[in-house]
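J.: Quick one, structure for this:
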Amino acid sequence: LRRRSHVPPRERTERLRRFIVPILLLGLAGGAAASPLIAPAPDPRSTGRPFTVHTLDGRTLRSSELRGRPLILGFWATWSSPSRASMPVLSTMQGRYGGQGLIVVGLSVDGESPQRVRGYARSQRLLFPVAMASEAILDDYGPIRSLPTTILIDRRGRIARRIVGHLDAETLEGFIREIL
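T.: From the prediction side, this is the model:
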């Protein structure tokens, strides 16, 4: 078993900020921030790791309960403008494709109080569950070096795409159709 060191949420957020802010500034200077980084489909044997998260509305969500359904894990933060821009797009996709089994899960990397994240999610009327990203899920699906990072998992549990940066609705919709 791997030992996981516990990093307090506030320290984890500060680490992310120290790493992400310079990268975002470099990207803005070069005009790259407008274009997401879309990784090619990973090894077909690459499967999503099992996880359990506690949503901000008090439910427990286990990946084992989602088996056989297409899944989107959206890593984001309230302090990240591209993340905030992505939330309505993900919510629209949940509304549009939820009837076909799609599940979107928002995983906040905010080190602040979950109340702030819950308040933001409510103000946006998000149609998908939101949870605080644990160290375990960050280890299993990371490294998360830039926000937002969106991971699409097909019905067989295989990671189909990993997208770093804000993605427009039309492109995301095409990727969703691949995993339905």
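J.: Just the buried residues of stretch 164-180, please?
T.: Val164, Gly165, His166, Leu167, Leu172, Phe175, Ile176, Ile179 (16 or more other Cβ atoms under 10 Å). All C-beta spots, glycine's among them, are computed from the backbone N, C-alpha and C.
J.: so for that stretch, what's the average pLDDT?
T.: Computed over stretch 164-180, the mean pLDDT rounds to 96.
J.: what's the answer for stretch 120-133, then?
T.: pLDDT averaged over stretch 120-133 gives 97.
J.: Of all the residues in it, which ones are buried?
T.: Tyr120, Ala121, Leu126, Phe128, Pro129, Val130, Ala131, Met132, Ala133.
J.: ok, back up a step: return the closest of the buried residues of stretch 164-180 with respect to Leu71.
T.: Leu71 lies nearest to Ile179 out of those, by Cβ to Cβ, at 8.0 Å.
J.: Do I have it right that the closest one meets Asp154?
T.: Yes - the pair Ile179 / Asp154 is scored as a contact, 4.3 Å apart, by Cβ atoms under 8 Å.
J.: Would you map the helices across this structure?
T.: Using DSSP state H, the helices of the chain run over 9-30, 81-97, 114-124, 135-141, 169-179.
J.: Mind listing the residues bridging to Ala131?
T.: Residues in a beta bridge with Ala131, per DSSP bridges, are Thr55, Leu107.
J.: ok, it - contacts?
T.: Taking Cβ atoms under 8 Å, 6 or more residues apart in numbering as the criterion, Ala131 is in contact with Val53, His54, Thr55, Leu56, Leu61, Val105, Gly106, Leu107, Ser108.
J.: Identify the residue nearest the second one in space, chain neighbours excluded?
T.: Right, the one you point to is His54. Of all residues not flanking His54 in the chain, Thr60 sits nearest, at 5.6 Å (Cβ to Cβ, 6 or more residues apart in numbering).
J.: do Leu66 as well
T.: Going by Cβ to Cβ, 6+ apart, Leu66 has Ile103 as its nearest residue, at 5.6 Å.
J.: in the protein, what spans have low per-residue confidence?
T.: Judged by pLDDT under 70, the chain has its weakly predicted residues at 1-35, 39-45.
J.: quick one, what contacts the most centrally placed residue in it?
T.: Centroid check for the chain by Cα atoms, centre = their mean gives Gly74 as the closest residue, at 1.6 Å. Listed by Cβ under 8 Å, 6+ apart, the contact set of Gly74 reads Ser86, Met87, Leu90, Val104, Val105, Gly106, Leu107, Pro148, Thr149, Thr150.
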